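Asks: Show me how the following folds:
(4 chains, ligands or ions: 4)
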Amino acid sequence: MAQDSYLNAGRRAVIEEMTRDESIWALGEDLGRGGVFGQYKGLQEIFGAARICDTPISEACIMGAAVGAAMTGTRPIVEMRFSDFALCAVDELVNQAAKARYMFGGQMRVPMVVREPIGIWRSSAAQHSQSLESWYTHIPGLVVVAPATPADNLGLLKSAIRCDDPVVYMEHKNLWALEGEVPEGEHLVDLGRADIARAGDAVTIVTWSAMRHACLRAAETLATQGIEVEVIDLRTLWPWDRDAVLASVRRTGRLLVVHEAVAVSGFGAEIAASVAEALHHDLKAPVRRLGAPRIPIAYAPPLEDRARVSDGAIIDAVQGLVAPRTAA
Amino acid sequence: MAQDSYLNAGRRAVIEEMTRDESIWALGEDLGRGGVFGQYKGLQEIFGAARICDTPISEACIMGAAVGAAMTGTRPIVEMRFSDFALCAVDELVNQAAKARYMFGGQMRVPMVVREPIGIWRSSAAQHSQSLESWYTHIPGLVVVAPATPADNLGLLKSAIRCDDPVVYMEHKNLWALEGEVPEGEHLVDLGRADIARAGDAVTIVTWSAMRHACLRAAETLATQGIEVEVIDLRTLWPWDRDAVLASVRRTGRLLVVHEAVAVSGFGAEIAASVAEALHHDLKAPVRRLGAPRIPIAYAPPLEDRARVSDGAIIDAVQGLVAPRTAA
Amino acid sequence: MTQTKNIDRARFLALLRLMHRIRAFEEAAIGAQQAGLVLGAIHPSIGQEAVAAGVCTNLERADLLLSTHRGHGHTLAKGADPLAMMRELFGRAGGTCGGKGGSMHIADFGVGMLGANGVVGANIPIATGAAHGLKLQGSRQIVACIFGDGAINRGPFLEGLNWARAFDLPVLFVCEDNGFSATTRTATMTGGAGAGARAESIGIPALEVDGNDLPELDAAARGAIAEIRAGKGPVLLHAKTYRITGHTAVDPATYRPAEEVAAQRAKCPIARMEALLALAGVEAETLAQLASEAAEEMTAIAAKAEATGWPDAARAFADVQDIGDPRERAF
Amino acid sequence: MTQTKNIDRARFLALLRLMHRIRAFEEAAIGAQQAGLVLGAIHPSIGQEAVAAGVCTNLERADLLLSTHRGHGHTLAKGADPLAMMRELFGRAGGTCGGKGGSMHIADFGVGMLGANGVVGANIPIATGAAHGLKLQGSRQIVACIFGDGAINRGPFLEGLNWARAFDLPVLFVCEDNGFSATTRTATMTGGAGAGARAESIGIPALEVDGNDLPELDAAARGAIAEIRAGKGPVLLHAKTYRITGHTAVDPATYRPAEEVAAQRAKCPIARMEALLALAGVEAETLAQLASEAAEEMTAIAAKAEATGWPDAARAFADVQDIGDPRERAF
Ligand SMILES: Cc1ncc(C[n+]2csc(CCOP(=O)(O)OP(=O)(O)O)c2C)c(N)n1
Ligand SMILES: Cc1ncc(C[n+]2csc(CCOP(=O)(O)OP(=O)(O)O)c2C)c(N)n1
Ligand SMILES: [Mg+2]
Ligand SMILES: [Mg+2]
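Replies: Ligands and ions are numbered 1, 2, ... in the order given. All right, here's what the predicted structure looks like:
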């Protein structure tokens, strides 16, 4: 184990996989200068300009070209820069990449990873801050991943690159600098498997991406109040680890889902609904969700902060869940 | 009251509103020849080519131009032909139309209606059959409407055209030919208000669009078995009529949400989760959702049918909800 | 306009036969649709067969092709099995895509046919990326990408062409210009001189040909493909033709005068090819036989398709993706 | 290159003053960012000020403007209040957008400035549609749409230009070509001769000018705008300039040689305008005063912005849409 950053872990995943498999290449704007966050720093020097491929500002063609390139036996890693710009390439992802394998009767597959950094990043405003992971979970054919730790960014990105289907891989911009333990040898994390980030039996918190850390902070505080929560970091949103979540809620009887995206029709709705359907009779309190209000992300800090799920809100929600029921 | 078709009712809405307000115009491909389904038939003859505006095959520009035209005081009706093609214009809708009012601090509004027909239509396959309404409910700034009857297509489309914010207006392709009673005078239906399509006290079914009719058919059959279900057609998905739904479930104690879209992260998840959160202690059975499996829509009828929610599935689900609980 | 006795008779007889087969395939499909056997939309390419024949005959089997919603001709010309295609249109087992795609999504990767597409212009970035993939792998294969005149007004046309030029990719762009974008005359919605001018402004050489003149098209495609295979990067071929039928098989196309259609029918590439071969000494009987053989072949194929069973309904859940249960929470 | 004594001194003094104010505004903003007062990204247009000045001075107040992420200069030149702009960058109350937008989303509808945009090329269809709206309403206003050289590789560029031509709309497209798409040299990713050639291929007349030569730019913009206002449809102005700073204020731009930047710095439009005015007899002192006045103005404005309070947090929930509770189910 060594300390490394979330950003470097992702970079290492790309290096290891590109070294292992010559058919892998990366394409996107400014990759030769390291990409917009430095995730690709030095990679063009290692792998050359053909495999770390600078592209025009043509998101639709970046995505569409990756589909064609995947059909011809290469394995593209698509860099979308900010997930917001992936909205310029939705036909290519949703109507083409996601459906091709099925629509053409399984004649081929479309192995590609679409890296699209999500999340609020101080004062980046409405067009550079979105988290739309729930959209992709709704689209047949897509795998959806949102890592929260350096180790997971290594292990999940490697698995995503090895996946034979299109993967929407959402790193969180606020996590680039996060340091953490990262295994030194080959490290793969299975897609579809959640991580129990903290064990507890009072309440099950299901979360992912940057909110994992907020939930763990809240859990510390709650522990000092004698409330031990279990924090499950889903890591993969499709397929999500239903078994892990149901097993936990069966024990705790209480569910809180926490995500940064807008609450309305966020992926938390799917989890809360699934748990309510499956475990209604085991629940000791109603399922509960925390997510952003249905507002665009504003620029000014005091406004932007209103779109954030705070540690305090998580603590309050947990306290509400464990409080004895009072007549409404 | 007179009989009219769903298609004609929409056409009448456009005629009435364009007659009332000169700033309204419609833009899209082939509108001069009536549009792809005939929804605009004869309108260019009435309103001229400037107001019933044929466009190039440029979905991104159709949507983006509508944003600019709305900012300059006109009220565009955007025709996307099939909701699937609206995926070529997502940046324009989500990053531009939906956010402009907020992002620019309320300096102006973007009054536009985006008509994008949804739904499975026999053997139209994966790129002409999608229902992505849940996506739009997740986007701050958008109003989302999905009418199910001729009268509602008249009254809701008129209200959508009068709305000062962008409205995603999703007609269902399979309903074009549906006939029904349509009021003769001015008929407006408020956005955000559900329709209790059938009253009952055993189970609350929440649905919208074409599934309203499947639910009503199922309700007939169930009534013969002594099970009286309440069928709520939401009509507007954002804002949805929370009060109507909660009031009904408070009475029935049972909720089934039925929609044609993929179940995973469909808008049914939002409703089921909301009801489970708000009415956990009133529920006599777990909330329940019916939607499509997470598969693209196939072409061949036997495969396509596997993506449909059948009347039988609705009946089974209701029966399951009212059945006495047996140990699992 | 090609008008000479000195044409390669064997070659053009074979291509005429191919055009007849394309037409017969579509006529059989339209008939089947009228009989309620084909449930999805059909976009016939009747009158446009020369583009399919002239382009695809110059491709090698390993070369790749991307097509449009109006792609039966291209697909047949690339070597796909018409019975599998017809089964696909009927939605039956053994269709090219197992009945999952239908007319707008026919693909046959076995012959390098990487798909029709239901989204106008969407095939252009995919084709460009396929060429990018080939180049990365050092292949000598090339990619042909056929699209309509309406597609040049979509953004992906610009992005794909610019990309192909920026990376000097082996791709032949073919604008199959039938004058219409569905029911709209493309010229009324299009600025400038069209596909060729736009390609040239992006640095891509463009050739304009009479798309109903098969020898002219054949020569142009052959030349362009040789250049592309030699590594000179993309070329655009702009083939002007005419859509004799409506946009779909059920579109009466009343938005254009009957005289226009009649005049164009007389210029149909099959009629022209027949006239040319007659001039070159081919007997009328031989020519007539090609037509009737094609009709017979495709009628038989339609009958076989009709006699084929449906795909197993469980296939609805196959080939979605390797992980995750597609049935989760449904029903 | 303009080199004459016979220039309109008053006009160009005013424009020089405007360029100084733009530069001073951005220098103040960069300083404030370094001091931690501006939290969002800033894309400076230092070295590109002539484009803003030359285009916007020829617009009427009622005319409309759409800009990019690099839009401070355009916005100031269109007449927006620099204090409101600075407050927006600081995220304070009284910002042009109430602090909701920041640098990349400045808009001032009061002076016809319909928005910067955080999405490259997205302003082009919006501008086209604004012009469409104006035309429908029989207005004499026109729309100017400024975008970068990188934007011409995005699909909306093609779609917007074709649309503007198809409907003969009153829009001036301005390609502010600074040679870079973020950290990438645009030429390495772009086929053909650039914006002008692409416009012409779509049937839109194009003018290429030295974007650091204000008199040349001014004359070209004036001529183009007169034609557009006369109803002749869209024109594209391709202004070649250079981005002296990095892509953002924190980009050291080490991907280009220092000599290149130094050479370009010498050709900066402010220096060139000063030289020209000196040649025309304007005293050095007068010129120096313009610079120092601008710096003082913007320093004072930054101080005022800093002294301004934050917007009321409750505004986070305002102006989302008329119906529906934005707080539903959150927190
Ligand atoms: C993005 C998109 N917009 C609209 C359509 C509907 N549509 C299908 S074919 C067609 C006309 C296409 O014209 P062209 O590209 O010239 O091809 P042609 O049909 O003439 O072969 C249209 C508008 C579509 N399939 N995709
Ligand atoms: C669609 C989209 N892709 C990528 C970006 C990231 N980005 C911001 S500015 C920029 C460079 C734009 O270059 P150009 O259009 O020449 O404008 P300049 O920055 O040179 O003024 C890029 C790639 C973006 N904002 N939008
Ligand atoms: Mg056409
Ligand atoms: Mg630039």
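Asks: all contacts plus neighbour counts: C-alpha atoms, from now on.
Replies: Will do.
Asks: The chain: helices as residue ranges?
Replies: With no chain named, the answer covers chain A. A:6-20, A:43-51, A:59-71, A:90, A:98-103, A:133-137, A:150-162, A:211-224, A:242-252, A:267-279, A:301-304, A:311-322 (DSSP state H).
Asks: meant chain C actually
Replies: Going by DSSP H, chain C shows helices at C:9-34, C:49-56, C:72-77, C:82-90, C:123-136, C:155-166, C:195-201, C:214-229, C:258-266, C:269-279, C:284-307.
Asks: Format those helices as JSON lines; extra columns: mean pLDDT.
Replies: Below are the helices of chain C laid out as JSON lines (pLDDT from 0 to 100):
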{"stretch": "helix C:9-34", "mean pLDDT": "98"}
{"stretch": "helix C:49-56", "mean pLDDT": "98"}
{"stretch": "helix C:72-77", "mean pLDDT": "98"}
{"stretch": "helix C:82-90", "mean pLDDT": "98"}
{"stretch": "helix C:123-136", "mean pLDDT": "98"}
{"stretch": "helix C:155-166", "mean pLDDT": "98"}
{"stretch": "helix C:195-201", "mean pLDDT": "98"}
{"stretch": "helix C:214-229", "mean pLDDT": "98"}
{"stretch": "helix C:258-266", "mean pLDDT": "96"}
{"stretch": "helix C:269-279", "mean pLDDT": "97"}
{"stretch": "helix C:284-307", "mean pLDDT": "98"}
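Asks: Quick one, grab the pLDDT at the spatially closest residue to A:L93 that is not a sequence neighbour.
Replies: In space, and not counting its chain neighbours, A:L93 is closest to A:M63: 6.6 Å by CA to CA, 6 or more residues apart in numbering or on different chains. According to the prediction, A:M63 has pLDDT 98.
Asks: Quick check: A:M63 touching A:E92?
Replies: Yes: between A:M63 and A:E92 there is a contact under CA atoms under 8 Å: 5.9 Å.
Asks: Who are the contact partners of C:I301?
Replies: C:82-83, C:86 (CA atoms under 8 Å, 6 or more residues apart in numbering or on different chains).
Asks: Please identify the buried residues of stretch A:262-277?
Replies: A:262-277 (16 or more other CA atoms under 10 Å in any protein chain shown).
Asks: between these, which is nearest ligand 3?
Replies: A:S265 (39.5 Å; CA to the ion).
Asks: just to revisit the earlier point, check the buried residues of stretch A:262-277 one by one and keep those near ligand 3.
Replies: Among these, no residue sits close to ligand 3 (CA under 5 Å from the ion).
Asks: Next one: C:A262 from D:R140, what distance?
Replies: 45 Å (CA to CA, to the nearest Å).
Asks: One more: C:Y242?
Replies: For C:Y242, the distance to D:R140 - CA to CA - is 40 Å.
Asks: more neighbours, the two?
Replies: For C:Y242 and D:R140, the more surrounded residue by other CA atoms under 10 Å in any protein chain shown is C:Y242, and the numbers stand at 23 against 14.
Asks: Was I right to think the more buried one contacts C:S181?
Replies: No: C:Y242 is not in contact with C:S181 according to CA under 8 Å; the separation is 11.6 Å.
Asks: separation between the closest residue to ligand 2 within the stretch 151-300 of chain A and chain C?
Replies: For the stretch 151-300 of chain A, the residue closest to ligand 2 is A:K173, as judged by CA to the nearest ligand atom, at 14.6 Å. In this structure, A:K173 and chain C are 27 Å apart, going by CA to the nearest CA, to the nearest Å.
Asks: Can you name the residues that contact that residue?
Replies: A:117-121.
Asks: and the angle from the longest strand along chain A to helix A:267-279?
Replies: For chain A, the strand with the greatest residue count under DSSP state E is strand A:255-262. Interaxial angle, strand A:255-262 versus helix A:267-279 (axes from the mean of the first three to the mean of the last three CA atoms, to 10 degrees): 160 degrees.
Asks: Would strand A:255-262 count as contacting chain B?
Replies: Yes: Strand A:255-262 is in contact with chain B by CA under 8 Å from any CA of the partner chain, via A:V262.
Asks: All good on my end, thank you.
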